[in-house]
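Trainee: let's see this in three dimensions:
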Amino acid sequence: MAYFRITLQRSAIGLPQRTRGVLAALGLRRRCQTVFQPVTPDAAGMIMKVKELVAVQEVAQALTTRELRDERKPEPGFWVESAVP
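Mentor: Numbers count the residues shown, from 1 in each chain. A predicted model of the protein is given here:
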């Protein structure tokens, strides 16, 4: 089953209550929060209502909270960009 990966990019401050309601129905509360919704016409319609505020990708499976956190975590160690003369 395919899923929409929806990330809230812009804040809902100052937007109409109806728009904030759509975001709440999608399960989005904070900026940079990511949720997964199954690909359905209902979810697609809600995404179209707030398309300026969210980033959407279609993925094969939903990730767990732990997998999302590990995805954002940087690799351990450090890199030397250039040697100091």
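Trainee: so residue 4: helix, strand or coil?
Mentor: Following DSSP: H, G, I helix; E, B strand; the rest coil, the label given to residue 4 is strand.
Trainee: that one: what's its closest spatial neighbour, skipping adjacent residues?
Mentor: Distance criterion C-beta to C-beta, 6 or more residues apart in numbering; nearest residue to residue 4, sequence neighbours excluded, is residue 37 at 4.8 Å. Glycine gets a C-beta too; all of them are placed from N, C-alpha and C.
Trainee: what kind of secondary structure is that neighbour in?
Mentor: Secondary structure state of residue 37, per three-state DSSP, is strand.
Trainee: hang on, residue 38 packs against residue 3?
Mentor: Yes: at 5.8 Å, residue 38 counts as touching residue 3 under the criterion of C-beta atoms under 8 Å.
Trainee: ok, those two, which is more surrounded?
Mentor: Between residue 38 and residue 3, counted using other C-beta atoms under 10 Å, the more crowded position is residue 3 (18 against 11).
Trainee: just the terminal-to-terminal distance for stretch 40-59.
Mentor: End-to-end distance for stretch 40-59: 13 Å, by C-alpha to C-alpha, to the nearest Å.
Trainee: list the contacts of it.
Mentor: Residues from elsewhere that reach stretch 40-59, judged by C-beta atoms under 8 Å, 6 or more residues apart in numbering: 2-10, 12, 19, 22-23, 25-26, 28, 36-37, 39.
Trainee: residues touching the residue nearest to residue 4, list them.
Mentor: Counted by C-beta under 8 Å, 6+ apart, residue 37 has contacts 3, 4, 6, 26, 27, 43.
Trainee: could you redo the last one with a cut-off of 7 Å?
Mentor: Applying C-beta atoms under 7 Å, 6 or more residues apart in numbering, we find residue 37 in contact with 3, 4, 6, 26, 43.
Trainee: which of the contacts of stretch 40-59 count as buried?
Mentor: With burial judged by 16 or more other C-beta atoms under 10 Å, the buried subset of those is 3, 4, 5, 6, 8, 12, 22, 23, 26, 28, 36, 37.
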